[in-house]
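Visitor: return a 3D structure for these sequence lines:
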Amino acid sequence: MNTKSYEEQMQNKPDYEMKMKVRDYELDLQGIVNNANYQHYLEHARHEFLTSKDISFARLHEEGKDLIVSRVEIDYKSSLKSQDKFKVTIHTAKEGHLRLIFYQTIQRIPDYKLIVKAKVIGVALSNGRPVKPESIIDIDKLGVKY
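Guide: Got it, this is the predicted structure:
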């Protein structure tokens with residue numbers, strides 16, 4: 001079981017990072033990014049990360065295998081505004097036998113102010129039943145820390 005804290009995980013080089021830019025339609029009446037859009041940013045980065053490792057959700061699903069999110073913990077630290085540039089980082093870990101953990105941050109560019117930190121817990125299913133993630137994907141390709 002991985003016993004490292006969120007902060008300890010962040011000390012390592014990210015397993016993946018991508019840059020994005022806020023679009024005007026993602027703002028709320030206050031002129032800041034609506035809280036739900038941060039989850040979209042996090043998910044998009046996770047999907048791009050897995051795609052970069054040649055892991056296809058569609059192909060897995062056709063085989064009766066799925067990677068799903070079972071829990072999301074998000075700490076909102078600050079807000080992004082229209083046209084802000086930002087990066088999303090991902091650190092991966094394994095917790096117990098069944099959980100894959102994605103520690104993620106969103107940081108504004110160029111000052112790298114922390115906007116969001118999140119812990120996303122994923123599980124693997126084979127024909128609807130929980131299985132060890134390594135039974136359906138090569139988790140070593142993800143850089144998973146144990």
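Visitor: make it CA atoms for all contacts and neighbour counts henceforth
Guide: Noted.
Visitor: where does this protein dip in pLDDT?
Guide: For the chain, applying pLDDT under 70 flags the ranges 1-10.
Visitor: where along it do the strands fall?
Guide: 16-21, 65-76, 85-95, 99-109, 114-126, 129-131 (DSSP state E).
Visitor: need the ones you listed in CSV (columns: distance to residue 33 and mean neighbour count).
Guide: Below are those laid out as CSV (distance: least, Cα to Cα, whole Å; neighbours: other Cα atoms under 10 Å):
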stretch, distance to residue 33, mean neighbour count
strand 16-21, 11, 16
strand 65-76, 11, 15
strand 85-95, 12, 21
strand 99-109, 12, 23
strand 114-126, 11, 20
strand 129-131, 35, 14
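Visitor: how about CSV for these, with distance to residue 47 added?
Guide: Formatted as CSV, those follow (distance: least, Cα to Cα, whole Å):
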stretch, distance to residue 47
strand 16-21, 11
strand 65-76, 11
strand 85-95, 11
strand 99-109, 12
strand 114-126, 12
strand 129-131, 20
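Visitor: mind checking those for the one nearest to residue 143?
Guide: Across the strands of the chain, residue 143 has its closest neighbour in strand 85-95 (6.6 Å, Cα to Cα).
Visitor: hmm, who's touching the closest one?
Guide: Contacts to strand 85-95, defined as Cα atoms under 8 Å, 6 or more residues apart in numbering, come from residues 1-2, 9-10, 12-22, 41-42, 45-46, 100-110, 112, 142-146.
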